[in-house]
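Colleague: below is the structure, and that's it, no one-letter string:
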């Protein structure tokens, strides 16, 4: 990922914080993915009153890219409006980690994971950093 792509990815993830469903969500999670073709697709969560039908921002961003025929993801930026302290980040849940792992495995691209907090701090990881015992191997 180039520095320009990284800046764009962060900016699009932050913009997505303005578009959760429903609009009055207290806690908002957002993500943006960078595809192999260089395009960026972003999304916030889509909340369901049942909770189990809620779509997480990572799922929405991956689906948005796939809907445009782009399943080869090179990087994802994840952010939120959670009340965090400096040095803290919002990590993907285990379900989203699994989806990111499967995406990376299918495309054979080592996906970069960029976490950004409200202080402008960044944490850079790979999916291998996040999943110690992946399934399937």
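Modeller: That came through fine. Since the model is a prediction, treat every value here as computed from it, not as a measurement.

Colleague: what are the buried residues along the lowest-mean-pLDDT helix or strand in the chain?
Modeller: Within the chain, confidence by mean pLDDT, DSSP states H and E is lowest for helix 127-130 among all helices and strands, at a mean of 86. Buried residues in helix 127-130, counting neighbours by 16 or more other CB atoms under 10 Å, are found at 127, 130. In short, each C-beta sits where N, CA and C put it, glycine included.

Colleague: what does it rub up against?
Modeller: The list of residues contacting helix 127-130 from outside it, by CB atoms under 8 Å, 6 or more residues apart in numbering, reads 91, 92, 97, 100, 101, 104, 110, 111, 113.

Colleague: the third one against residue 133, yeah?
Modeller: Meaning residue 97. No: with contact defined as CB atoms under 8 Å, residue 97 does not reach residue 133; the gap is 11.2 Å.

Colleague: more neighbours: which of these two?
Modeller: Each of residue 97 and residue 133 had its neighbours counted (other CB atoms under 10 Å), and the higher figure belongs to residue 97 (17 against 5).

Colleague: gap between the least confident helix or strand of the chain and the chain center?
Modeller: On the basis of CA atoms, centre = their mean, to the nearest Å, helix 127-130 is displaced by 14 Å from the centre of the chain it belongs to.

Colleague: then stretch 5-24?
Modeller: 10 Å.

Colleague: residue 5: helix or strand, and which one exactly?
Modeller: When elements are assigned from DSSP states H and E, residue 5 belongs to helix 3-16.

Colleague: tell me which other helices or strands that helix touches.
Modeller: strand 29-35, strand 40-44, strand 73-80, strand 112-116 (3 or more CB pairs under 8 Å, 6 or more residues apart in numbering; DSSP states H and E).
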